[in-house]
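# pasting the sequence and the predicted coordinates here, then a few questions.
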Amino acid sequence: MGMLDGKVAFITGAGTGIGKGTAALFAEEGATVVISGRREEPLQQVAALYPDKISYVQMDLASSLDRARALDTVIERHGRLDILINNAAVVHVGAFADLAEQQISELINTNLLSTALLIHRAIPLLKASKGNIVNISSASARHVPVPNLQLSPYAAAKAGLNQLTRELAVEMGPHGVRVNAVAPGFTRSEALEHHAETNLQAIESQIAVTALGRMGEPVDIAKAILFMASDQAGWVTAQILDASGGYFISS
């Protein structure tokens, strides 16, 4: 028996990286999974890994119409929603003063506001199933490294997501809905590989201050998400779980 047998999960930003790894692990653990993202080809490739367990719907998280259509699709296909994994994100790297206003707006709107609005629309579905939410935050939301990785608006948005997680856990607890977050450290992804092209020395310096001395893999984060989403964490809510290999350990 799998840890998620009989559960229906919706995972955003699941065409690559952490989302892809989570979708595959959830399918292996018995969940029926709907994944979303802006690009169709990566979604098709992930769905093809477990065609009897994973389907997809294209969604731009920043679009109200897309958010509504995606959740409607989950219900049309499977009749319920038990687990919402908010993984979709946008990353722009650069000194704050050098970023364009549009980039700053996109970072805040996608990584915090649009995620909050998707949760808002999903709440009735999760109340009905007594389901749970796992938000994908970031180690950068709680730690400011030196040298700076130039992620200020991204980190600020993720810090907001952490507080939203805690606040919603209190509101949703009486309805039997748990709300948690997983905060990855350096994890192999398209975004990080792009960042490494221009700032490899900074990346290497951060890995050097990670207790386990390596970059994380998507499956490392997926396992943490699986625990939080499963009944194994049935007495866990309002928590931000660092899955960072021991990055900037503090009390």
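In hand now; what should we look at? Small disclaimer: the values here were computed from a predicted structure and weren't measured.

# for the rest of this, base every contact and every neighbour count on C-alpha atoms.
OK.

# what comes up buried for stretch 179-188?
Val179, Asn180, Ala181, Val182, Ala183, Pro184, Gly185, Phe186, Thr187 (16 or more other CA atoms under 10 Å).

# partners of the last one in the sheet?
Counting by DSSP bridges, Thr187 forms beta bridges with Gly216.

# can you check the third one too?
Residues in a beta bridge with Ala181, per DSSP bridges, are Asn135, Ile240.

# OK, contacts around the nearest residue to Ser244 once chain neighbours are set aside?
Distance criterion CA to CA, 6 or more residues apart in numbering; nearest residue to Ser244, sequence neighbours excluded, is Gly185 at 3.9 Å. Shown in contact with Gly185 (CA atoms under 8 Å, 6 or more residues apart in numbering): Ser138, Ala139, Ser140, Gly216, Asp242, Ala243, Ser244, Gly245, Tyr247.

# what of Ile136?
With CA under 8 Å, 6+ apart, Ile136 has these contacts: Ile85, Asn86, Asn87, Ala181, Val182, Ala183, Pro184.

# change it to 10 Å
18-19, 85-89, 111, 158, 161-162, 180-184, 221, 225, 240-241 (CA atoms under 10 Å, 6 or more residues apart in numbering).

# in strands, which of those fall?
Using DSSP state E, Ile85, Asn86, Asn180, Ala181, Val182, Ala183, Pro184, Ile240, Leu241 are the members of the contacts of Ile136 that sit in strands.

# quick one: pLDDT of the fifth one?
Note on Val182: pLDDT of 98.

# and the strands in this protein?
8-11, 32-37, 54-58, 83-86, 132-136, 178-184, 240-243.

# tell me the angle of the fifth one relative to strand 178-184?
Interaxial angle of strand 132-136 relative to strand 178-184 (axes from the mean of the first three to the mean of the last three CA atoms, to 10 degrees): 20 degrees.

# could you number the chain from 728 rather than 1 from now on?
Sounds good: first residue 728 from here, last item strand 859-863.

# what segments of the stretch 878-978 of the chain are helices?
Remark: helices assigned in the stretch 878-978 of the chain by DSSP state H, counting those that start in this stretch are 879-899, 917-935, 945-956.

# can you flag the weakest of those by average pLDDT?
Across these, helix 917-935 gives the lowest mean pLDDT, at a mean of 68.

# once you drop chain neighbours, what's closest to Asn859?
Nearest one to Asn859, counting by CA to CA, 6+ apart, is Arg905 at 4.7 Å.

# can you check the pLDDT for that neighbour?
In this prediction Arg905 is given a pLDDT of 99.

# surely it and Ser856 touch.
No - assessed by CA atoms under 10 Å, Arg905 is found out of contact with Ser856, at 11.3 Å.

# identify the contacts common to the two.
Ile810.

# okay, these two: which has more neighbours?
Neighbours were tallied for Arg905 and for Ser856 using other CA atoms under 10 Å; the higher tally belongs to Arg905 (30 against 18).

# what residue is smack in the middle of this structure?
The centroid of the chain falls nearest to Asn814 when counting by CA atoms, centre = their mean (2.2 Å).
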